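Trainee: sequence plus the predicted model coming up.
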Amino acid sequence: MVKVRETQASDQDAVYSLYRRVASVPGGLARLEEEVDAAYVAGFLGAALDRGLSFVAETDAGIVGEIHAYPPGLFCFAHVLSELTIAVDPGAQGGGVGRRLFERFMQTVRDQRPAVQRVELIARESNLRAIQFYESLGFEREGVFRDRIRNLDGSVESDIPMAWIRSLD
């Protein structure tokens, strides 16, 4: 059974372990495993808990997923949640954990964060499954950052910026 709940500061070590596991799989995160350190996790969790949103998915075995985003910190972007990242343990992928996290995240934005008018994310162009998933949640492609990603084999590919924009209807 997977429970989705708001992230707490005390989850930092478990989230760090999760991100290391996800980053150990090529393409699991933009960061490589050695680029995931305690300072990185403390930074995004601090920002998300202070001014954004973060949720974890938890089972009896521990935290198996996390999602977060936060405003960039400038007044002109106060209505935007950015730096959105979702990580699901490789052993839990394909079981609906990511969808549950994302749906809870977006429901909270819609119901409890009326000042948030825009949620942004970026997806690697080769990750068609993720792009389709984000589109199913109401995100739209907004362009392309050509040749922005360098892969481990030296090849490059594009990033696809996507956004959900609150309807004014």
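Mentor: That came through fine. Treat the numbers as computed from the prediction; the structure is a model and nothing was measured.

Trainee: what are the ranges of the strands in this structure?
Mentor: 3-6, 53-59, 62-70, 80-88, 118-124, 140-141, 145-150, 156-165 (DSSP state E).

Trainee: for the ones you listed, give me TSV that also has mean pLDDT.
Mentor: Putting the strands of the chain into TSV (pLDDT from 0 to 100) gives the following:
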stretch	mean pLDDT
strand 3-6	98
strand 53-59	98
strand 62-70	98
strand 80-88	97
strand 118-124	97
strand 140-141	98
strand 145-150	96
strand 156-165	97
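
Trainee: can I get those strands in TSV with mean neighbour count and distance to residue 131?
Mentor: Every C-beta, even on glycine, is put in place using the N, C-alpha and C of the backbone. As requested, the strands of the chain are exported to TSV (neighbours: other Cβ atoms under 10 Å; distance: least, Cβ to Cβ, whole Å):
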stretch	mean neighbour count	distance to residue 131
strand 3-6	13	23
strand 53-59	21	21
strand 62-70	23	17
strand 80-88	21	13
strand 118-124	19	5
strand 140-141	12	7
strand 145-150	13	14
strand 156-165	18	6
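
Trainee: longest helix anywhere in the chain?
Mentor: In the chain, assigned by DSSP state H, the helix with the most residues is helix 97-112.

Trainee: out of the strands of the chain, which is closest to residue 20?
Mentor: Proximity to residue 20 (Cβ to Cβ) singles out strand 80-88 among these, at 9.9 Å.
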